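J.: Sequence and predicted model, in that order:
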Amino acid sequence: MKLANKHILVAVSGGIAAYKSAEFVRALQRAGAQVRVVMTESATRFITPLTFQALSGYPVHTSDDASFDKAGVDHIALSRWSDAIIIAPATANIIAKISNGVADSFVSSLCLAHQSSLAIAPAMNQAMWNNSATQQNITTLKERGVKVFGPAQGIQACGETGEGRMLEPDDLVHHCIALFANHSLSAKKVVITAGPTVEPIDPVRFISNRSSGKMGYAIAGAALEAGAHVTVISGPTHLQENERINYVHVETAQQMYAAAKEHCIDADLFIAAAAVADYEPTNIADQKIKKKDDTLSIQLSRTPDTLKEIKLSHPSLFCIGFAAETENLIQHASEKLRQKSLNMIIANQVGLSNQGFNSDFNAVEIISSDSTISLPRARKSELARLIIKNIADQLKKEASQTNVTYLQSK
Ligand SMILES: Cc1cc2nc3c(=O)[nH]c(=O)nc-3n(C[C@H](O)[C@H](O)[C@H](O)COP(=O)(O)O)c2cc1C
């Protein structure tokens, strides 16, 4: 199930190959993907929305506004839902529209709003494909990172022979699998902490924080995609779990520390993305604290510094910290990198309304001893892939430096 847990949005445009998209939806589902379908208005003249609704199990959105209102979703929500949007078939017309940023229909608006991977499977007459207007549009889209699957050569519906046939459904699925495939952490054991910790005050009250765990869970998903064996030590969250990830559920900072110690023994990478409480109540009341005086003092004690302790006890373990700061982001994060002897720190500004805690979006700075890389605001799943790519690159770089030092000392 190479596309297990992947959300794929198939956008069907008005070409004769639209009938093959029904088989493409089935093939994606066989590979484990959850599929939803949207159609251009002209696509509905080639194949009915009902076919795709029956195959996908979801309402099909077309450029008919009434159907969006009824479904209660819009192009932004669907774009957020998807890990990838695949336009298959992609007509010369929709290719021209998206390369020019036109947003005059549901499908074209969706493509303009997309935050995930966008791919097109062109299908058209060979003269339309070879026309310099189409070729220029394709070049523009490739430059923007849009993936182009095909087209294939062969006999066309119009009787001509040449380039322009849509790839066969199974070939398209292989391209979709390749969109997510990445072996940069192949067979590495990765331990990730995620979410908040919860420090009890008495049997009913606790101290916690606003972490949702979304960033840590997204990084775990990206590490899995990169071929790693992933363990997530998670504070309480409401997030969907991935059946291929090993989850260890904890509540307090002490429990998180104990679990990290246990699981990092044979790990290659430790990513501390959890928002761990720095202090815990010194004494936890056995009974609910009663309302009495005007003020109440609760004495707090330092919790173990999981990341620092793990790095101290496993100096060769590649350790990555997260720094959530409300001010002087780079300065505070760089201090943390040095103080804890980390290999890398991911710094993000919190306290902004449209990113960070609880949001699906974030923007981060990846800081290591010799570089700072800025990743601008993006969906956390997309950002997680870039973070994992940077971690894998740095891991490789440090491993080759260690080899050089070793050889020089011989
Ligand atoms: C029978 C027929 C077959 C067509 N096949 C294709 C095709 O394979 N590829 C293509 O780019 N356009 C094809 N077209 C033209 C498109 O349907 C037309 O450009 C339409 O405006 C596309 O709209 P859309 O991109 O919004 O789906 C075909 C038109 C007709 C009438």
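T.: Okay, I see it. Everything numeric here is computed off the predicted structure, so don't read it as measured data.

J.: which residues are there in this structure that come within reach of the ligand?
T.: 13-17, 40, 42-43, 91-94, 123-124, 128 (Cβ under 6 Å from any ligand atom). C-beta coordinates here come from the backbone N, C-alpha and C atoms, glycine included.

J.: Neighbour count says what about the residues you listed? Which are buried?
T.: 13-17, 40, 42-43, 91-94, 123-124, 128 (16 or more other Cβ atoms under 10 Å).

J.: Surely P89 forms part of a strand?
T.: Yes - judged by DSSP: H, G, I helix; E, B strand; the rest coil, P89 forms part of a strand.

J.: can you tell me which residues contact E41?
T.: E41 makes contact with 14, 62-64, 105, according to Cβ atoms under 8 Å, 6 or more residues apart in numbering.

J.: at 10 Å what do you get?
T.: 13-14, 62-64, 105-107 (Cβ atoms under 10 Å, 6 or more residues apart in numbering).

J.: And it, how far from P200?
T.: 58 Å (Cβ to Cβ, to the nearest Å).

J.: residue boundaries of the strands in the stretch 151-300 of the chain?
T.: Under the criterion DSSP state E, counting those that start in this stretch, the stretch 151-300 of the chain contains strands at 152-155, 161-165, 189-194, 199-200, 206-207, 229-234, 246-249, 269-272, 279-281, 300-302.

J.: actually the stretch 1-150 of the chain, not the one I typed
T.: 7-12, 34-39, 84-90, 117-122, 147-148.

J.: Any chance of those in TSV with mean neighbour count, distance to S212 and mean pLDDT as columns?
T.: Putting those into TSV (neighbours: other Cβ atoms under 10 Å; distance: least, Cβ to Cβ, whole Å; pLDDT from 0 to 100) gives the following:
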stretch	mean neighbour count	distance to S212	mean pLDDT
strand 7-12	27	19	95
strand 34-39	25	22	95
strand 84-90	27	23	97
strand 117-122	25	24	94
strand 147-148	16	30	94
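
J.: Just put those strands in CSV and tack on distance to P315.
T.: Formatted as CSV, those follow (distance: least, Cβ to Cβ, whole Å):
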stretch, distance to P315
strand 7-12, 40
strand 34-39, 43
strand 84-90, 40
strand 117-122, 38
strand 147-148, 41
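
J.: Which phi and psi values does the nearest residue to I94 once chain neighbours are set aside adopt?
T.: Leaving aside its sequence neighbours, I94 sits nearest to S13 (Cβ to Cβ, 6 or more residues apart in numbering; 4.3 Å). Dihedral angles of S13 (phi, psi; degrees, to the nearest 10) stand at phi -110, psi 170.

J.: Between the residues of the chain next to the ligand, which sits nearest K288?
T.: T40 (60.4 Å; Cβ to Cβ).

J.: I'd like to know how far the closest one sits from E23.
T.: Taking Cβ to Cβ, one finds T40 at 19 Å from E23.

J.: Also V204?
T.: 56 Å.

J.: Looking at those two, which is more packed in?
T.: A direct count of neighbours by other Cβ atoms under 10 Å for V204 and E23 places E23 higher, at 14 against 10.

J.: Just to check, the residue nearest to I94 is in contact with T91?
T.: Yes - contact between S13 and T91 holds when scored by Cβ atoms under 10 Å: they sit 4.4 Å apart.

J.: follow-up on the earlier one: let me see the contact set for the residue nearest to I94.
T.: Counting by Cβ under 10 Å, 6+ apart, S13 has contacts 21, 38-43, 46, 87-95, 97, 105, 107-108, 120-121, 123.

J.: Which helix runs longest in this structure?
T.: helix 380-408 (DSSP state H).

J.: The protein - how does it break down into domains?
T.: 7-180, 189-408 (automatic domain parsing).

J.: which residues in the chain form helices?
T.: 18-30, 49-56, 65-71, 75-81, 92-99, 106-113, 126-130, 132-143, 169-180, 214-225, 253-263, 306-313, 329-339, 380-408.

J.: Give me the common contacts of S13 and T91.
T.: 40, 42-43, 97, 120, 123.

J.: and the gap between the spatially closest residue to Y247 that is not a sequence neighbour and the ligand?
T.: Sequence neighbours aside, V232 is the residue nearest to Y247 in space, at 5.1 Å (criterion: Cβ to Cβ, 6+ apart). According to Cβ to the nearest ligand atom, to the nearest Å, V232 and the ligand sit 42 Å apart.
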